[in-house]
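Peer 1: Have a look; sequence and predicted model below, questions after that.
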Amino acid sequence: MQVKTKHYPLGVDLIKYGGLVAIIFITGILLAASYLRQYPALLSMALLSFVFGLQHAFDIDHITAIDNITRKMINEGRNTHGVGFCFSLGHSLVVNLMALVTIFFVTWSKKMLPAFQSIGGIIGTTFAGAMLILLAIINLFILVGIWSEFKHLDQPNTDAGFKKGRIYHLFERSLHLINHNWQVIGIGFLFGLGFDTATQIAVLATSAVTASQGVPWYAVLSFPLLFTAGMCLLDTGDGIFMSTAYSWVFASPYRKVYYNLVLTGLSVAAALFSGIVNLLLAAKLIFGVDNAMMSWVEGLNFTYLGLILVGLFVVTWSVALICWHYLGLNKKDQALKSIK
């Protein structure tokens, strides 16, 4: 399986996406500061919204989706520096739209929010579960292709490409529309429809309560904007790190094997786990299933799971880097390059 590896300038994308996050953050701060003298409590609420965004970025479905989409697009030779930012921006659009509704229709939104939660929860969790499982299957096929190619690494003239079957092409076509960073906004938006998380509801509730106390609507809008800034900040960093790391990995045959056999396996396992959990939650919402397993699933903290996944990635990368040099794999990689 020949990967169409391309190198995209990182500096320009860092300035672009970092600048966009900064604009969102500064706009939120300025809106909060506009009525700070009359309402000093706005500052603490605004900073709390920013912290909520930072925390929400560590949800396991965020990290898993960004990781798997990045790996899928890099395997096709595409620029993935903006995957994290676009996913987070699409996700936060749900919070911003609902915040606008709560600001301008406070009484109505308080009555209708439970219904929106129920409908959005079904759509969001179902889509998230199906998409994560689909991404896991795609990357599982990629893993099989990497292993197939590895078995012929020492045969420089052998065409050992992974033969893609009908099943692979079926799943590949399902994700064929994801070719550019901006298209990930739609995926993030659909993930965000399950806006029953504590952080999102807290931001909406804060917006509604503050608006009902006479705070100007544009000052209240600072809460969802700062929530967006916090989430985009960490998700953008996560996406750029994954993109840079995987670009380096895919640049040589031995790196693809020794890193991806472990990393892709970890990504696939995380995507399958998160996808199944989301589908189980959707089943509970749709069919009202209630048993011991459902109670356990509902009790899972996605933020803690996300932090555990980040830790696993850090440990895996560290061990892989040590093995790369300690086992002399870098020399073997250079020797293979000289042969080819």
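Peer 2: All right, it came through fine. Since the model is a prediction, treat every value here as computed from it, not as a measurement. Numbers count the residues shown, from 1 in each chain.
Peer 1: could you pull out the strands for this protein?
Peer 2: Assigned strands in the chain: none (criterion: DSSP state E).
Peer 1: so where do the helices sit in it?
Peer 2: Counting by DSSP state H, the chain has these helices, from start to end: 10-33, 41-56, 60-74, 83-104, 106-150, 166-174, 184-192, 198-212, 217-220, 222-249, 253-287, 292-298, 302-326, 329-339.
Peer 1: lowest-confidence stretch among these?
Peer 2: Per-segment mean pLDDT for the helices of the chain reaches its minimum on helix 166-174, at a mean of 53.
Peer 1: What separation do you get for residue 293 and residue 299?
Peer 2: 11 Å (C-beta to C-beta, to the nearest Å). Every C-beta, even on glycine, is put in place using the N, C-alpha and C of the backbone.
Peer 1: which one of the two has more residues nearby?
Peer 2: The neighbour comparison of residue 293 against residue 299 (other C-beta atoms under 10 Å) goes to residue 293, with 11 against 7.
Peer 1: That one reaches residue 281, doesn't it?
Peer 2: No: using C-beta atoms under 8 Å as the test, residue 293 is too far from residue 281 to be in contact (11.3 Å).
Peer 1: Could I get the contacting residues of residue 73?
Peer 2: By C-beta atoms under 8 Å, 6 or more residues apart in numbering, residue 73 lies in contact with 79-80, 83, 178-179.
Peer 1: what about 7 Å?
Peer 2: 80, 83, 178 (C-beta atoms under 7 Å, 6 or more residues apart in numbering).
Peer 1: Among these, which one sits closest to residue 47?
Peer 2: Proximity of these to residue 47 was ranked by C-beta to C-beta; the top entry is residue 83 with 27.6 Å.
Peer 1: residues near the closest residue to the closest one other than its chain neighbours, how many?
Peer 2: Using C-beta to C-beta, 6 or more residues apart in numbering and skipping the chain neighbours, the partner closest in space to residue 83 is residue 239 (4.4 Å). Using other C-beta under 10 Å, residue 239 is surrounded by 29 other residues.
Peer 1: what about residue 239, distance to residue 14?
Peer 2: For residue 239, the distance to residue 14 - C-beta to C-beta - is 11 Å.
Peer 1: same thing with residue 183?
Peer 2: With distances taken as C-beta to C-beta, residue 183 is found 21 Å from residue 14.
Peer 1: what's the answer for residue 8, then?
Peer 2: For residue 8 relative to residue 14 (C-beta to C-beta), the value is 11 Å.
Peer 1: Same question for residue 207.
Peer 2: 31 Å.
Peer 1: Look at those two and report which has more neighbours.
Peer 2: In this view residue 207 and residue 14 are compared by other C-beta under 10 Å, and residue 207 has more residues nearby, 30 against 14.
Peer 1: Tell me how many other residues crowd residue 140.
Peer 2: Residue 140 has 19 nearby residues by other C-beta under 10 Å.
Peer 1: typo on my end, residue 219
Peer 2: That count, for residue 219 with other C-beta under 10 Å as the rule, works out to 22.
Peer 1: Apart from its neighbours in sequence, what residue is nearest it?
Peer 2: residue 35 (4.6 Å).
Peer 1: just checking, the one you found touches residue 216?
Peer 2: Yes: assessed by C-beta atoms under 7 Å, residue 35 is found in contact with residue 216 at 6.0 Å.
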